[in-house]
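Peer 1: Here's my sequence, what's the structure:
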Amino acid sequence: MPHILMIDDDTELCQLVAEYLAMDGFSLQAVHNGKQGLLAAQQGQQDLVLLDVMLPGLDGLSLLKALRQQRYCPVMMLTARGDDIDRILGLELGADDYLAKPFNPRELVARIKAILRRVELIQQDNSTSSPILSVNGVELNKHNRQVSCQQQLLTLTATEFQLLELLMLRHGELVSKEELSKSVLGRHLQQYDRSLDMHISNIRKKLAHCSEQDKIQTLRGSGYLFLSGPA
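Peer 2: Next up, the predicted model:
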């Protein structure tokens, strides 16, 4: 039974989500304070964290930043509708996805399942192909989920890892935003959803720490291309 940790000070919402997730075979632990939520998340007993931005004790963005410095755990941010800044900051700090309140419980379940599928795919051994991808100075190991650039280890979220893997597998080829969104995020590309762009931006920033070359090219309105070699 997948275990979800929900950190949100809205007790009624937590109860509603717990009841809805139970129907899909999930268990949920609710914590209503940011500092207590961070302690619970650090224990590592959950498969995914639902994290509200506005929290007493410690806000959600500060909590996410502290958590990412210690361990990786899939995190979905819960933001107020229209709070684009919070969504962007959350993705920059390493959130795997976000969902605006108020939300449809069915969409919440679908998003949770999509994230957990991404993590499961990463963790599975791929017996039909080499576990190592090496393209243009970047090496990606599918077995231990490690990525290195010019021999420097990088820390990626599950979403970033899978996006990079797909782009590297198709290096030298344009991959459309729609394909990336469906294959990795598990949903059709939406007009005002910037999460895909933010994930790619995060990957670029991490690669930039060890290479002056921008290894991912953007074709505006079309998609992204991972360069096969130096331009």
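
Peer 1: Give the buried residues for the least confident helix or strand in the chain by mean pLDDT.
Peer 2: The least trusted helix or strand in the chain, going by mean pLDDT, DSSP states H and E, turns out to be helix 84-92, with a mean of 82. Within helix 84-92, the residues scored as buried using 16 or more other CB atoms under 10 Å are 86, 87, 88, 89, 90, 91, 92. Bear in mind the C-beta positions are built from the backbone N, C-alpha and C, glycine included.

Peer 1: who's in contact with the fifth one?
Peer 2: Meaning residue 90. Contacts here follow CB atoms under 8 Å, 6 or more residues apart in numbering; on that basis residue 90 touches 53, 60, 61, 64, 77, 79, 98.

Peer 1: and if we set it to 7 Å?
Peer 2: When contacts are counted by CB atoms under 7 Å, 6 or more residues apart in numbering, residue 90 touches 61, 64, 77, 98.

Peer 1: Just say helix, strand or coil for the residue nearest to residue 5 when sequence neighbours are not counted.
Peer 2: Closest residue to residue 5 in three dimensions, ignoring its sequence neighbours and counting by CB to CB, 6 or more residues apart in numbering: residue 46, at 3.9 Å. Under DSSP: H, G, I helix; E, B strand; the rest coil, residue 46 falls in the coil class.

Peer 1: with the buried residues of helix 84-92 in mind, which one is nearest to residue 18?
Peer 2: If you rank the buried residues of helix 84-92 by distance to residue 18 using CB to CB, residue 90 comes first, at 22.6 Å.

Peer 1: Might you report the residue contacts of the most centrally placed residue in the chain?
Peer 2: The centre of the chain sits closest to residue 96, judged by CA atoms, centre = their mean, with a distance of 1.9 Å. Residues in contact with residue 96 (CB under 7 Å, 6+ apart) are 74, 75, 76, 115, 157, 158, 159.

Peer 1: Leaving out sequence neighbours, find the closest residue to the first one.
Peer 2: Meaning residue 74. Of all residues beyond its chain neighbours, the one nearest residue 74 is residue 48 (4.5 Å), with distances taken as CB to CB, 6+ apart.

Peer 1: From residue 8, how far off is the one you found?
Peer 2: The span separating residue 48 from residue 8 equals 14 Å under the rule CB to CB, to the nearest Å.

Peer 1: which residue ranges form the helices in this structure?
Peer 2: When assigned using DSSP state H, the helices of the chain occupy the ranges 11-22, 34-42, 60-68, 84-92, 105-123, 158-169, 177-180, 195-208.

Peer 1: now, among the contacts of residue 96, which is nearest to residue 17?
Peer 2: Out of the contacts of residue 96, the one with the shortest distance to residue 17 is residue 76. That distance is 11.4 Å, counting by CB to CB.

Peer 1: residues near that closest one, how many?
Peer 2: By the other CB atoms under 10 Å criterion, the neighbourhood of residue 76 contains 21 residues.

Peer 1: do residue 167 as well
Peer 2: In terms of burial, residue 167 registers 25 neighbours under the definition other CB under 10 Å.

Peer 1: Kindly report the same for residue 210.
Peer 2: Counted by other CB under 10 Å, the residues lying close to residue 210 total 15.

Peer 1: What's the separation between the residue nearest to the centre of the chain and residue 218?
Peer 2: When distance is defined by CB to CB, residue 96 is 22 Å away from residue 218.

Peer 1: Give me the distance between the residue nearest to residue 5 and residue 26.
Peer 2: Using CB to CB, one gets 11 Å for the distance from residue 46 to residue 26.

Peer 1: Closest one to residue 131 out of the contacts of residue 96, please.
Peer 2: Distances from residue 131 to those, taken by CB to CB, are shortest for residue 158, at 16.6 Å.
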